[in-house]
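J.: dropping the sequence and predicted coords here.
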Amino acid sequence: MEPVVVLIVLFVFVGALMQRTTGMGFALVAGPFLVVLLEPVPGVVLVNFCGVVSSSIVMARTFREIRWPRVWVLAVGALLGTVPGALLTTVMPGWAVHVFIGLLIVAALSASLLGSRYAPPIEPTTARTATAGFFSGFMSGSAGVGGPAVSVYAIMTRWDQRSFAATLQPYFIIAGIGAIAAKILFDGAHAVPQLEIGIWAAIIAALVLGQVAGEFLSRVMPVHIARIIMIALAFGGGILTLVIGLTELAGR
């Protein structure tokens with residue numbers, strides 16, 4: 001197996017593990033690295049695909065705690081946001097996509113961390129929920145990373161963590177499918193990662209194994225420790241993606 005394939009499978013595994021232990025984080029952890037290892041647009045599509053599968057596995061265990069009214073409002077906003085997000089990165093050159101995704105991840109994570117400390121509480125109105133979904137969908141369609149926008153919304157509305165994590169799973173499934181469809185609509189078959197069947201099988205296996213490992217890890221590791229690890233990996237991946245984009249620009 002080629003080193004690039006090994007790295008793809010490894011980051012898919014780690015992303016799935018973080019998804020199971022924290023309720024979110026697959027795209028944040030695995031996304032930047034997959035975008036670097038593959039072409040930008042196929043990398044984002046692979047992130048969306050893996051996110052859909054990973055969230056489907058988690059949802060099977062958290063189904064009873066899902067708040068479906070919020071899922072639908074978030075999803076409507078997200079589906080509207082994925083269209084401009086997918087279109088933007090489809091027409092941008094590769095180096096610009098890397099720079100954009102790197103900046104977006106670092107900025108979104110920073111906003112999420114600052115929001116947890118300084119954001120004032122607000123009422124979770126329908127308009128605010130849909131707006132959070134729109135920005136999340138835009139980020140999912142452009143960079144494959146829709147978590148930080150809804151995370152800030154959850155912090156500001158003081159949404160209970162268990163209910164929030166459960167509700168995110170069907171939302172991520174809907175938003176991910178919408179983002180994939182938008183990418184294919186604007187970029188055709190080129191948006192789909194051109195991987196052999198064996199590699200796809202290895203990716204699916206990594207997703208399942210990551211979820212299983214995350215199940216065991218969640219029993220022994222406090223959630224706040226898992227979040228610190230997730231944020232550190234996501235920041236590292238975002239900075240790496242940004243540096244690679246700037247390097248590509250300098251070499252033009």
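T.: Now that the structure is in, tell me what you want to look at. If you're wondering where the values come from, they're calculated on a predicted model, not measured in any experiment. Numbers count the residues shown, from 1 in each chain.

J.: which parts of the stretch 51-200 of the chain are strands?
T.: In the stretch 51-200 of the chain, no strands are found when defined by DSSP state E, counting those that start in this stretch.

J.: and the helices in it, which stretches?
T.: Assigned helices in the stretch 51-200 of the chain, in chain order: 68-91, 94-118, 126-143, 147-156, 161-187, 197-220 (criterion: DSSP state H, counting those that start in this stretch).

J.: which strands and helices sit next to the second one?
T.: Using 3 or more Cβ pairs under 8 Å, 6 or more residues apart in numbering; DSSP states H and E as the contact definition, the elements that helix 94-118 packs against are helix 26-37, helix 40-62, helix 68-91, helix 126-143, helix 147-156, helix 223-250. For every residue, glycine as well, the C-beta is placed using N, CA and C.

J.: shaky segments in the stretch 101-250 of the chain?
T.: Residues of the stretch 101-250 of the chain meeting the criterion pLDDT under 70: 115-116, 118-119.

J.: picking that back up, need the winner for burial among the helices and strands packed on helix 94-118.
T.: helix 26-37 (a mean of 28; mean count of other Cβ atoms under 10 Å).

J.: send me that one as PDB with only the CA atoms.
T.: Taking Å, rounded to 0.1, in the frame of the first residue of the first chain, the C-alpha atoms of helix 26-37 are listed here in PDB:
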ATOM      1  CA  PHE A  26     -14.200  14.100  12.000                       C
ATOM      2  CA  ALA A  27     -13.900  16.800   9.500                       C
ATOM      3  CA  LEU A  28     -11.900  19.100  11.700                       C
ATOM      4  CA  VAL A  29      -9.300  16.400  12.400                       C
ATOM      5  CA  ALA A  30      -9.200  14.500   9.100                       C
ATOM      6  CA  GLY A  31     -10.400  17.200   6.700                       C
ATOM      7  CA  PRO A  32      -7.200  19.300   6.300                       C
ATOM      8  CA  PHE A  33      -5.000  16.300   5.900                       C
ATOM      9  CA  LEU A  34      -7.300  14.600   3.300                       C
ATOM     10  CA  VAL A  35      -7.500  17.900   1.300                       C
ATOM     11  CA  VAL A  36      -3.700  18.000   1.200                       C
ATOM     12  CA  LEU A  37      -3.200  14.300   0.400                       C
END
